[in-house]
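> Generate coordinates for the sequence data below:
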Amino acid sequence: MTFETNTMTKDPILKVEHLSMRFGGLMAINDFSFEAARGDITALIGPNGAGKTTVFNCITGFYKPTMGMITMRQKSGDEFLLERLPDFEITKRAKVARTFQNIRMFSGMTVLENLLVAQHNKLMQASGYTVLGLLGFPTYRQAAKDSTELARHWLEKASLIDRADDPAGDLPYGAQRRLEIARAMCTGPELLCLDEPAAGLNPRESHALNELLQSIRAETGTSILLIEHDMSVVMEISDHVVVLEYGQKISDGNPDFVKNDPRVIAAYLGVEDEEVEEVIEQIVEIESEHGGTQQ
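Below you'll find the predicted structure:
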């Protein structure tokens, strides 16, 4: 009996095929494949130690996988094999942006300056790598104006515009999370990768995060791939959920399918493989008592 769907997305922006990552004698990821559809919010979930962040590190170039292929296809039709690119090229050319589980920002800079730093490459190019900027050429002045407007746009979206001139380190934790996402969006990504964006947030902050992510997807068409332990966030905003356990995929489908998948339930309960059938039988009995399954 199998509980894994073989979902084939019509327009995948990201295709991960037979990904494996070995650290010495440890196989952290083993023959892992999935697709993320363009414009979807795709969640990668699993118990602690399942290998989720390792997958992210392979996609964003921090690790070079032992085996496998990671294909990013842009709206233009251009394709990039991410496992062959250095991390900065994945951001610049493939248009993949990322946030981290541990917040990384310039605490001593203002909130606005943090978003301008994200546009550093664009501004440096417009300045002729300082010369045109020092001479005040119109092309640089226009680029600087456009960058400031873009930064302010994302501060508005993240409900941070009133804190634009405050040091980023003075923001409350939830606002820092939103700042990281706004900074990533200033790079113009087609794929936004978020590593546990709801970690440490209270319910009000989680709700604000959900609204921000849904507005990003609705208004820009940016595809979102996220790792998250907060199942209320995952089930509320995700179109597609992929579940990892011990570096292998155990389920792949829409949130309702995954939520009711016995293998997922067993994994989160910490049940051993040989006990899965027993758990499945118990779930079936419970569901039959309540009028059948709902998938």
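> How far off centre is stretch 30-42?
Computed by Cα atoms, centre = their mean, to the nearest Å, the separation of stretch 30-42 from the middle of its chain amounts to 11 Å.
> again but with stretch 223-241, I slipped
Worked out by Cα atoms, centre = their mean, stretch 223-241 lies 9 Å from the chain centre.
> Let me see the mean pLDDT of that stretch.
Averaging pLDDT along stretch 223-241 gives 92.
> again with stretch 56-73
pLDDT averaged over stretch 56-73 gives 97.
> That stretch spans what distance, first to last residue?
17 Å (Cα to Cα, to the nearest Å).
> do the same with stretch 153-162
End-to-end distance for stretch 153-162, by Cα to Cα: 12 Å.
> where are the low-confidence patches of the stretch 151-295 of the chain?
Within the stretch 151-295 of the chain, the stretches with pLDDT under 70 are 269-295.
> State which helix of this structure is the longest.
Longest helix of the chain, by residue count under DSSP state H: helix 138-157.
> So which bits of the helix or strand that that one is followed by are buried?
Later in the chain than helix 138-157, the nearest helix or strand by DSSP states H and E is helix 173-185. Buried positions in helix 173-185, judged by neighbour count with 16 or more other Cβ atoms under 10 Å: 174-185. (Each C-beta comes from the backbone N, C-alpha and C, glycine too.)
> What of stretch 203-213?
Buried residues in stretch 203-213 (16+ other Cβ under 10 Å): 205-206, 208-210, 212-213.
> And residue 110, its phi and psi?
Main-chain dihedrals, residue 110, degrees, to the nearest 10: phi -70, psi 170.
> count of residues packed around it?
Around residue 110 there are 16 other residues, counting by other Cβ atoms under 10 Å.
> So it sits against residue 169, correct?
No - counting by Cβ atoms under 8 Å, residue 110 does not reach residue 169; the two are 10.1 Å apart.
> Residues that sit against both of these two, list them.
Residues touching both residue 110 and residue 169 (Cβ atoms under 8 Å, 6 or more residues apart in numbering): there are none.
> domains of the chain?
1-95+189-295, 105-187 (automatic domain parsing).
> now the longest one: how far from the chain's centre is it?
Which is domain 1-95+189-295. The gap between where domain 1-95+189-295 is centred and where its chain is centred comes out at 9 Å by Cα atoms, centre = their mean.
> What's the first helix or strand after the helix or strand where residue 241 lies?
Element membership for residue 241 (DSSP H and E) is strand 240-245. As assigned by DSSP H and E, the chain's next helix or strand after strand 240-245 is strand 248-253.
> other SSEs contacting the following helix or strand past that next one?
Following strand 248-253 in sequence order, the next helix or strand is helix 255-259 (DSSP H and E). Helices and strands touching helix 255-259, by 3 or more Cβ pairs under 8 Å, 6 or more residues apart in numbering; DSSP states H and E, are helix 231-237, strand 240-245, strand 248-253.
> Apply 10 Å and report the result again.
Under the contact criterion of 3 or more Cβ pairs under 10 Å, 6 or more residues apart in numbering; DSSP states H and E, helix 255-259 touches strand 41-45, helix 231-237, strand 240-245, strand 248-253, helix 262-269.
> how near is residue 225 to residue 21?
For residue 225, the distance to residue 21 equals 17 Å [Cβ to Cβ, to the nearest Å].
> Looking at these two, which has the bigger crowd around it?
Using other Cβ under 10 Å as the criterion, residue 225 and residue 21 rank with residue 225 on top: 26 against 22.
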